[in-house]
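**Student:** Task: produce atomic coordinates for the following.
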Amino acid sequence: MHVPSLVFPFIAPPKPLQLIEAAPGIFWLRLALPFRLNHVNVYLIQDGDGFVLLDTGLDDAATRELWLALFSGPLKGRRLTAVLATHWHPDHIGLAGWLAERQEVKIFASQSEYLDSRCLRLDPHALDSDDFRNYFRLHGLDGPLTDIMLTRGLGYIKLVAELPRTYRRVVAGETLDIGGRKFDVLTGGGHSPEQVMLYCEEINVFLSADQVMAKITPNISVDPMDPDGDPLGIYLRSLKELKRRIPEDALLLPGHNLPFTGIMTRIAELEAHHKARCEIIVQACRETPHSAADMVPLLFGRGIVDPHQLSFAFSESLAHANYLIRRGELEAIETKDGVTMRAA
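**Tutor:** Numbering: from 1, shown residues only. Here you go, the predicted model:
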């Protein structure tokens, strides 16, 4: 079946405490976030007399209260059979530990996502280390702006409840039996190291997490622990694999925004988006060398004042630069003042 454009089967998201059956046996719940991206979608997959929960929301007082209200309201008398965290970002794994402990169930996650979250929880002061500080300074951020980034811009990643010391590893290529239906496990990098996605052929539904969403592009950021990494290249390769694996008429249940069909159209848009950004950078670097910080207004405009958004914009600008360096379209120039890029 050919789907020429995106089709949205739901005109509005669930209201607070409302569950919408987005697909047979899969219930959609929306949780609030205190950011510009003000929500996250989570899904309850029917599993016998309970549900497997896909993602959880942040660990903050408001989200805990909402979950308590759900279990005393729409979910009263129901239980969780597992908590599956698609990736380590706090809006997705934030309350996994808290919910798993209360419901006495296991957390399912890929190894990279579980360990990344554990790392940050066990070493909360790493954000303010010299290694991280030098990472931002090396690529063009001044001292005061670096301080803001490290004290406020990255603070959201601490909004994760303590995770259990054991978990159930989920691996690409395996199949999960949930409620008598088969869900194929896919993983993809770029937005996070090993994000978990599920495809159920029986009902032609793809739980795409943050890898493919309808109206926003997932943030593709260089990790300060891997400053020369190529998350954009990894992400684009993941999109090619999804084009091969997921039917064009599948219903996508994403981590943000509305469910939709039309994955091929959306992937083409995402590929074109990143190609256009790369062309902007190369053209600018033909005229004069640019640091990653110099690239932020080229790609995002000059109106970013929120530290949370600035941290994403800076790291995504560097991701495009690293990708172009690996492709031989840019070369890095190292000086005593930092690193800039020029067209090769």
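
**Student:** Could you list every helix and strand in contact with the least confident helix or strand in the chain by mean pLDDT?
**Tutor:** Every helix and strand of the chain was ranked by mean pLDDT, DSSP states H and E. The lowest is helix 143-148, at a mean of 79. Applying 3 or more CB pairs under 8 Å, 6 or more residues apart in numbering; DSSP states H and E, one finds that helix 143-148 contacts helix 130-138, helix 307-326. No exception for glycine: its C-beta is placed from N, CA and C like everyone else's.

**Student:** which parts of the first one are buried?
**Tutor:** Buried residues in helix 130-138, counting neighbours by 16 or more other CB atoms under 10 Å, are found at 132-133, 135-138.

**Student:** go on, the longest one?
**Tutor:** Judged by neighbour count using 16+ other CB under 10 Å, the buried positions of helix 307-326 are 307-325.

**Student:** need the helices for this protein, in chain order.
**Tutor:** Under the criterion DSSP state H, helices of the chain are mapped to 61-72, 90-93, 96-103, 111-122, 130-138, 143-148, 231-245, 263-287, 292-300, 307-326.

**Student:** Looking at those helices, which is nearest to G48?
**Tutor:** The closest of the helices of the chain to G48 is helix 96-103. By CB to CB, the value is 14.1 Å.

**Student:** what's the pLDDT at the most centrally placed residue in the chain?
**Tutor:** In the chain, the residue lying closest to the centroid (CA atoms, centre = their mean) is D210, at 4.5 Å. Reported pLDDT at D210 in the predicted model: 98.

**Student:** hang on, isn't it packed against H256?
**Tutor:** Yes. Between D210 and H256 there is a contact under CB atoms under 8 Å: 6.8 Å.

**Student:** Okay, now the unreliable bits of the stretch 51-200 of the chain?
**Tutor:** 121-127, 152-155 (pLDDT under 70).

**Student:** and V185, how many residues sit next to it?
**Tutor:** V185 has 18 neighbours, counted by other CB atoms under 10 Å.

**Student:** residues touching it, list them.
**Tutor:** By CB atoms under 8 Å, 6 or more residues apart in numbering, V185 lies in contact with 170-176, 196-198.

**Student:** again with F136
**Tutor:** Contacts of F136 (CB under 8 Å, 6+ apart): 145-146, 149-150, 224, 314.

**Student:** Could you report the distance from it to T340?
**Tutor:** 15 Å (CB to CB, to the nearest Å).

**Student:** Likewise for T288?
**Tutor:** Taken as CB to CB, the span from T288 to T340 is 9 Å.

**Student:** Also I11?
**Tutor:** From I11 to T340 the distance is 47 Å (CB to CB).

**Student:** Check I246 too.
**Tutor:** I246 is 40 Å from T340, where distance means CB to CB.

**Student:** Model confidence score at S315, please.
**Tutor:** Per the predicted model, pLDDT is 92 at S315.

**Student:** Go ahead and confirm P13 touches L258.
**Tutor:** Yes. Between P13 and L258 there is a contact at 6.5 Å, judged by CB under 8 Å.

**Student:** The two: which is more packed in?
**Tutor:** The neighbour count for P13 versus L258, taken as other CB under 10 Å, is higher for L258 (20 against 16).

**Student:** Name the nearest residue to the more buried one, ignoring sequence neighbours.
**Tutor:** F8 (5.1 Å; CB to CB, 6 or more residues apart in numbering).

**Student:** For burial, what's the neighbour tally of that neighbour?
**Tutor:** 14.
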